[in-house]
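Novice: please find the sequence and the predicted model below.
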Amino acid sequence: MAERLKWVFLAYRLPREPSTPRIALWRKLRRLGVVQVLDNLVALPLDARTREQLEWLADEVVDAGGAASIWLAEASSAGHERELARRMSDAIAEEYRVVIQVAGEAAGQSEGQRRRTAERLKRDVRAIRSRDFFPPPEAEPARRAVAALNAVLEVPR
Amino acid sequence: MRWATRAGCHVDRSACAWLIKRFVDTEAEFVFVDDPDEVPADATAFDMRGADLGHHDGDCTFETILQRFGLDDPVLWDVARIVHEADLDDQRYDAPEACGLDVIARGLSMVRDDREVVEIAAALFDGLYEHRRRALLLGREPA
């Protein structure tokens, strides 16, 4: 049997009100690039960093009056594992497509604006890469689009 | 006094160990454990789940320790800005130094065990502290 990926799961429950901790948690989960397995159950491929990040969030859930637990797991079927990886990859691909589109649109902007867009896209790509566990084909074109935008700006005037 | 933290020292834990040793308890001895249950009874836990000296309200453990021990040295808070971004990367602060610090700490933990990481990182943070101290005194980046 092929070696299965190890995953770290965060199971959590937060009171419906107040909504601020719910929204804060949702934002942080999104930034980490988790895949939603079910309501209130999210996963990341296991490594020292992902496990620690989810553990901190589990503490935050508990601090906010909720309940949370961390589990290490592997899928018992290769199909489920592929499904999770595919959903993560699809979500990241969409983020890269936005980068490519914005970089394309920046061509028509004034120089100052183009510079700001280029700076923002560089940061965006760095953030996306930090949660890109299963790089989709869009990763390289996105990187190139941002590099091209920066190259235009570096031409001496 | 003994201090316990989780094994696998990345940037926040290395920075905290330095902070504790230099500014809180010069006699500090560190114990590295895999689970909160393994923290020795006489040790103070930091940067692990359930420890008071951990992440709180979006602060990293380095910031929590500064607050708990009333360390108000502005240089330490400037180092905290960098450690926070290296650890959490949540853009709360502008810290272009953070990426580099994170990579160095991460790489160090790949080739050295925790005890060595803490020792080597101490020199690194001594240097970072001195750099930020001069920057604050001069009001610009030191040469």
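Specialist: Sure thing, it's come through. Predicted, not measured: the structure shown is a model, and the values here were computed from it.
Novice: host element of residue B:140?
Specialist: Assigning secondary structure by DSSP states H and E places residue B:140 outside every helix and strand.
Novice: my bad, residue A:50
Specialist: Applying DSSP H and E, one finds residue A:50 within helix A:48-63.
Novice: please pull out the lowest mean pLDDT helix or strand from chain B.
Specialist: Lowest on mean pLDDT, DSSP states H and E among the helices and strands of chain B sits helix B:98-111, with a mean of 93.
Novice: quick one: stretch A:103-123 to chain centroid distance?
Specialist: Distance of stretch A:103-123 from its chain centroid, counting by Cα atoms, centre = their mean, to the nearest Å, is 22 Å.
Novice: no wait, stretch B:110-123
Specialist: Averaged C-alpha coordinates place stretch B:110-123 at 12 Å from its chain's average position (Cα atoms, centre = their mean).
Novice: and the lengthiest helix in chain B, what does it pack onto?
Specialist: Determined from DSSP state H, the single longest helix within chain B is helix B:114-138. When contacts are defined as 3 or more Cβ pairs under 8 Å, 6 or more residues apart in numbering or on different chains; DSSP states H and E, helix B:114-138 sits against helix B:11-19, strand B:29-33, helix B:74-88, helix B:98-111. Where C-beta positions appear, they are placed from N, C-alpha and C, glycine not excepted.
Novice: report the distance from the last one to the chain centre.
Specialist: Translated: helix B:98-111. Helix B:98-111 sits 13 Å away from the centroid of its parent chain (Cα atoms, centre = their mean).
Novice: next one: the third one
Specialist: Put simply, helix B:74-88 sits 9 Å off its chain's centre (Cα atoms, centre = their mean).
Novice: what does stretch B:57-71 give?
Specialist: Relative to the mean C-alpha coordinate of its chain, stretch B:57-71 is positioned 10 Å out (Cα atoms, centre = their mean).
Novice: what pLDDT, on average, does stretch A:3-22 get?
Specialist: The predicted model assigns stretch A:3-22 a mean pLDDT of 92.
Novice: list of residues touching it?
Specialist: A:25, A:34, A:37, A:40-46, A:50-51, A:54, A:57-58, A:60-61, A:64-75, A:78, A:81, A:84-85 (Cβ atoms under 8 Å, 6 or more residues apart in numbering or on different chains).
Novice: among those residues, which ones lie close to chain B?
Specialist: A:58, A:60 (Cβ under 8 Å from any Cβ of the partner chain).
Novice: looking at the contacts of stretch A:3-22, which are in helices?
Specialist: A:25, A:50, A:51, A:54, A:57, A:58, A:60, A:61, A:78, A:81, A:84, A:85.
Novice: residue A:59 - how many residues pack around it?
Specialist: For residue A:59, the neighbour count with other Cβ atoms under 10 Å in any protein chain shown is 19.
Novice: please read the previous query as pertaining to residue B:119.
Specialist: For residue B:119, the number of neighbouring residues by other Cβ under 10 Å comes to 15.
Novice: next up, the contacts around it.
Specialist: For residue B:119, no residue meets the contact criterion (Cβ under 8 Å, 6+ apart).
Novice: distance of residue B:20 from chain A?
Specialist: Here the criterion is Cβ to the nearest Cβ, to the nearest Å. By it, residue B:20 lies 19 Å from chain A.
Novice: isn't that residue right next to residue B:64, touching?
Specialist: No - proximity of residue B:20 to residue B:64 does not meet the contact threshold set by Cβ atoms under 8 Å, at 11.9 Å.
Novice: close to chain A: what parts of chain B are there?
Specialist: Close to chain A, as judged by Cβ under 8 Å from any Cβ, chain B has residues B:6, B:8, B:10, B:49, B:50, B:54, B:55, B:56, B:89, B:90.
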